[in-house]
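K.L.:
I would like the atomic coordinates for the input below:
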Amino acid sequence: MAADPTAVPTAVPTTLDRPHFIGIGGAGMSGIAKILAMRGARVTGSDAKESPTAEALRALGATVHIGHDAAHLAPGTGCVVVSSAIRADNPELAAAAERGIPVVHRSDALAALMDGTRPIAVAGTHGKTTTTSMLAVSLSTLGLDPSYAIGGDLDAPGSNAHHGTGEIFVAEADESDRSFHKYAPEVAIILNVELDHHANYASIEEIYESFETFVDRVRPGGTLVISADDPGARELTGRLKRHDGLRVIGYGTADDADLRVLDVTAHGLTSEVTVELPDGGGQLTFTVSVPGRHYAHNAVAALAAGTALGVPARELAGALAAYTGVKRRLQLKGVEAGVQVIDSYAHHPSEIAADLEAVRGGAGQGRVLVVFQPHLFSRTQELGTEMGRALALADASVVLEIYPAREDPVPGVTSALVVDAAAGAGTRVTAAADMADAVEQIAGMARPGDLVLTMGAGDVTELGPRILARLRTGDS
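P.N.:
Next up is the predicted model:
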């Protein structure tokens with residue numbers, strides 16, 4: 001199945017021919033900006049600080065300003081693209097309102113880019129970035145040259161998106177602000193359904209309703225790939241009311257799964273997966289080059305989605321082994337003094353537990369040590385106790401203060417909620433006064449054979465090189 005260069009649109013939607021992105025360096029925003037730049041749009045944008053992503057965008061011809069100022073809106077700007085993280089008092093957003101420049105949410109911009117393609121939209125509380133990346137890499141390996149927009153970089157800054165010549169468009173579909181309601185995929189993937197994003201959802205019932213709306217957006221005759229194991233996904237499957245040709249493929253270890261996982265065997269930091277294909281297709285065994293059962297199941301979801309678009313299952317399974325990870329998803333940062341340092345984006349209790357279980361095999365006889373940074377006051381307020389209990393799967397943890405991102409502090413909500421819960425679960429845990437203290441603590445306790453995990457969705461990712469330097473030279 002070679003890519004057909006005439007299969008997809010190469011033009012830029014009229015409203016997006018001269019876009020300005022506020023927060024252009026963000027994972028979701030930069031991907032859309034990159035695709036538009038590759039299509040020939042005159043892209044401008046601003047971000048709070050310099051970054052490799054900003055440089056990657058400039059290399060594509062985009063103009064990227066540092067800092068936010070009304071003067072950054074060039075004459076002739078066609079629209080201003082924003083995410084839900086942009087506050088109403090942003091000076092560029094205020095200037096757009098004064099000048100009558102249309103404001104476009106990033107989800108609407110991404111939906112416009114998917115017009116005329118065969119989209120796969122990957123949704124779920126956890127695993128979206130990994131599964132989207134697995135599809136992007138494997139389909140590219142097969143020469144199908146898909147377009148894709150991912151919430152993380154594959155192998156270099158700016159590699160979170162691509163404008164391909166093939167007909168398939170793979171996109172990460174974010175439920176956090178209900179923006180995934182804007183997409184109309186031919187194939188939708190739902191990996192799991194749990195209560196998260198507490199600033200936007202008051203209950204699990206609201207989460208179910210939101211995912212039902214997402215499923216309703218699947219094109220007539222399309223396919224829903226959904227976990228047959230995850231309790232929330234099974235509940236959602238039972239609630240679905242559509243019968244207009246929607247094909248539902250359940251995957252997992254459950255007896256009623258259509259694409260059944262028969263075995264996942266760990267081999268260090270890789271896995272071998274055996275599945276029973278639907279409709280009498282027989283058994284298939286393939287390699288997943290990242291550790292953990294949850295990543296193996298993500299690969300099976302990717303396999304189901306690709307085959308739903310006509311990609312031969314056995315070819316796609318072989319190509320899935322080409323995926324070797326995405327930045328911040330169990331990314332090996334280096335080894336010093338016999339200690340592996342790995343970076344993880346996990347910030348929800350389920351993700352924390354899954355990644356700790358995944359790396360346990362890679363640590364061998366060594367210990368698993370964690371530097372954890374809670375993400376968002378609202379999430380910590382609701383799930384801080386569960387975060388701490390999940391950290392009990394590590395041999396020892398150092399906990400940083402909460403990374404606020406877009407949120408203002410909440411009185412009484414601190415990382416002590418996590419520390420106290422972890423201690424109550426019987427694990428060794430200490431609080432860190434700051435980044436330097438965390439580096440000193442974790443490097444001081446690490447010994448040859450141990451595995452150190454920097455974990456969280458904030459700037460804890462910056463600690464990997466500092467920990468390695470401290471292990472190597474004694475400098476942090």
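K.L.:
give the contact list for the closest residue in space to residue 402 that isn't next to it in sequence.
P.N.:
Of all residues not flanking residue 402 in the chain, residue 374 sits nearest, at 4.6 Å (Cβ to Cβ, 6 or more residues apart in numbering). The way it works is simple: take the backbone N, C-alpha and C, and place the C-beta from them, glycine included. Taking Cβ atoms under 8 Å, 6 or more residues apart in numbering as the criterion, residue 374 is in contact with 347, 380, 384, 387, 399-403, 415, 417-418, 456.
K.L.:
Surely residue 396 touches residue 428?
P.N.:
Yes - with contact defined as Cβ atoms under 8 Å, residue 396 counts as touching residue 428 (4.1 Å).
K.L.:
Comparing those two, which shows the higher neighbour count?
P.N.:
Using other Cβ atoms under 10 Å as the criterion, residue 396 and residue 428 rank with residue 396 on top: 19 against 16.
K.L.:
How about the backbone phi and psi for the more buried one?
P.N.:
With angles defined as degrees, to the nearest 10, residue 396 sits at phi -160, psi 150.
K.L.:
Helices along the stretch 101-250 of the chain, start to end?
P.N.:
106-114, 128-141, 204-216, 231-239 (DSSP state H, counting those that start in this stretch).
K.L.:
pull the CA atoms of the second one into CSV?
P.N.:
Output in CSV follows, covering the C-alpha atoms of helix 128-141 (Å, rounded to 0.1, in the frame of the first residue of the first chain):
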residue,chain,number,x,y,z
LYS,A,128,-3.2,8.6,23.7
THR,A,129,0.3,9.9,22.8
THR,A,130,1.9,6.5,22.7
THR,A,131,-0.9,4.9,20.6
THR,A,132,-0.9,7.8,18.1
SER,A,133,2.9,7.6,17.9
MET,A,134,2.8,3.8,17.3
LEU,A,135,0.4,4.3,14.4
ALA,A,136,2.4,7.2,12.9
VAL,A,137,5.6,5.2,13.0
SER,A,138,4.3,1.9,11.8
LEU,A,139,2.2,3.4,9.0
SER,A,140,5.2,5.5,7.9
THR,A,141,7.4,2.4,8.0
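K.L.:
can you list contacts of it?
P.N.:
Outside helix 128-141, the residues that touch it by Cβ under 8 Å, 6+ apart are 120, 122, 124, 145-146, 148-152, 154, 162, 164, 166, 168, 170-174, 189, 191, 290, 295, 298-299, 301-302, 305-306, 311, 316, 319-320, 322-323, 326, 329, 345.
K.L.:
what's the spacing between the residue sitting nearest the centre point of the chain and residue 137?
P.N.:
Residue closest to the mean C-alpha point of the chain, counted by Cα atoms, centre = their mean, is residue 129 at 2.9 Å. Computed as Cβ to Cβ, to the nearest Å, the residue 129 to residue 137 distance reads 12 Å.
K.L.:
One more: residue 443?
P.N.:
To residue 137, residue 443 is 33 Å away according to Cβ to Cβ.
K.L.:
again, but for residue 281
P.N.:
From residue 281 across to residue 137, the span is 23 Å (Cβ to Cβ).
K.L.:
Who has more neighbours out of the two?
P.N.:
residue 137 (25 against 13).
K.L.:
contacting residues for the closest residue to residue 244 other than its chain neighbours?
P.N.:
Counting by Cβ to Cβ, 6+ apart, residue 220 is the residue found nearest to residue 244 once chain neighbours are left out, at 5.5 Å. Going by Cβ under 8 Å, 6+ apart, residue 220 touches 244-246.
K.L.:
Do I have it right that residue 380 meets residue 403?
P.N.:
No - the criterion here is Cβ under 8 Å, and residue 380 misses it with residue 403 at 9.6 Å.
K.L.:
separation between the residue nearest to residue 244 and residue 164?
P.N.:
25 Å.
K.L.:
go on, residue 257?
P.N.:
31 Å.
K.L.:
pLDDT at residue 176, what is it?
P.N.:
On the pLDDT scale, residue 176 is placed at 83.
K.L.:
what's the lowest-pLDDT member of the contacts of residue 220?
P.N.:
Among those, residue 244 has the lowest pLDDT, at 71.
K.L.:
What's the local residue count around that residue?
P.N.:
Residue 244: 8 neighbours (other Cβ under 10 Å).
K.L.:
next one: residue 186
P.N.:
By the measure other Cβ under 10 Å, the count of residues near residue 186 is 22.
K.L.:
Residue 404 too?
P.N.:
By other Cβ under 10 Å, neighbour count at residue 404 equals 16.
K.L.:
That one contacts residue 373, correct?
P.N.:
No - Residue 404 is beyond contact range of residue 373, at 10.9 Å (criterion: Cβ under 8 Å).
K.L.:
ok, the contacts of residue 220 vs residue 50, which is closest?
P.N.:
residue 246 (45.8 Å; Cβ to Cβ).
K.L.:
Test my guess that the closest one contacts residue 219.
P.N.:
No - using Cβ under 8 Å, residue 246 is not in contact with residue 219; the gap is 9.2 Å.
K.L.:
can you tell me the helix or strand for the residue nearest to residue 465 when sequence neighbours are not counted?
P.N.:
Residue nearest to residue 465 in three dimensions, not counting chain neighbours: residue 333, with 6.7 Å by Cβ to Cβ, 6+ apart. Element membership for residue 333, per DSSP states H and E: strand 329-336.
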